[in-house]
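A.B. asks: My questions are about this predicted structure, shown below with the sequence.
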Amino acid sequence: MSTKVKAIVLGGTNIKEKDRIVQLFTLEQGKISASMKGVRGDKAKLKSAKEPFCFGEFIIEEGKGVNIITSVDITDNFFELTKDIDKYYEGCAILDIVNKVVLEPNPLLFIELIKALKTLCYDGTKKFYVVDKFLITVFGAMGYNFLTERCSSCGGVLSNKYLNLDIGEIVCPSCKTNLSFPISNVCYSAIRVLNNTDYDKLSTLKLGGNGEVQAYNLFCQNFEWRTGLKLISF
């Protein structure tokens, strides 16, 4: 029995002489693994489909113990990312995020992922802009809001902002603990602007003060505390 899914390759592991097991984030089934037989051979028909970032329609046959990819109609492989080391690592960080947080089907996150990669690949955005915006969406889906004017603990107005890692929320100076880290005004401003800007407009932004870098470092800390897993540093 065969199944057709829209999917993007998150990564994979080489096995045997020429086979590869790939992890797919699919629109219909969430994250799954499947085998690609002989795909590492020089003349393999699906050679280009085994790489991370490959996006398209995958035909998967049920096998004994592992499903087997028999055909791929590639929509995009985002090849331009390989020509810019910064964009490539940022793209890898985005795939890494998905690989670590997704199990079940999540159509909204699937669409967000494709938008993010298209923007990163083709729109000339500055470093960190796309991955920060993507992480804002991920944390929102997890129930954590970084865009608030009130302390999540006491409800008071936030004159200064701190991320309380214990609860994953923003608190005021009176409610901060030893597990709270300050959020600078430039960092908070960057998060707000990125959240309110569509992907196709990110290339027009010029954030100042390295707010986007501060935001990524903040997100990495929160992600690790929430999940116990580290994000890629680039």
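C.D. replies: Received it, and whenever you're ready, just let me know what you need.
A.B. asks: Surely residue 35 is in contact with residue 65?
C.D. replies: No - judged on C-beta atoms under 8 Å, residue 35 makes no contact with residue 65 at a distance of 9.2 Å. Just so you know, the C-beta spots here come from the backbone N, C-alpha and C atoms, and that holds for glycine as well.
A.B. asks: Between these two, tell me which one has more neighbours.
C.D. replies: It is residue 35, of residue 35 and residue 65, that has more neighbours when counted by other C-beta atoms under 10 Å, with 20 against 5.
A.B. asks: Now for the more buried one: which residues touch it?
C.D. replies: By C-beta atoms under 8 Å, 6 or more residues apart in numbering, the contact list for residue 35 reads 15, 19, 20, 21, 22, 63, 66, 67, 68, 69.
A.B. asks: So which of those residues sit within strands?
C.D. replies: Using DSSP state E, the members of those that fall in strands are 15, 19, 20, 21, 22, 68, 69.
A.B. asks: Now a PyMOL select for only the buried ones of those.
C.D. replies: Those of the ones in strands among the contacts of residue 35 that count as buried under 16 or more other C-beta atoms under 10 Å are selected in PyMOL with:
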select buried, resi 19+20+21+22+68+69
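A.B. asks: Quick check: which element contains the nearest residue to residue 231 once chain neighbours are set aside?
C.D. replies: Nearest non-adjacent residue to residue 231, counting by C-beta to C-beta, 6 or more residues apart in numbering: residue 220, 4.9 Å away. In this structure, residue 220 is located in helix 211-227 according to DSSP states H and E.
A.B. asks: how does the chain divide into domains?
C.D. replies: 2-77, 80-227 (automatic domain parsing).
A.B. asks: The ones you listed: which one's closest to residue 233?
C.D. replies: domain 80-227 (7.4 Å; C-beta to C-beta).
A.B. asks: Compute the first-to-last residue distance for stretch 62-76.
C.D. replies: Stretch 62-76 has an end-to-end distance of 25 Å (criterion: C-alpha to C-alpha, to the nearest Å).
A.B. asks: Report the distance from that stretch to the chain centre.
C.D. replies: From the chain centre to the centre of stretch 62-76 is a distance of 23 Å (C-alpha atoms, centre = their mean, to the nearest Å).
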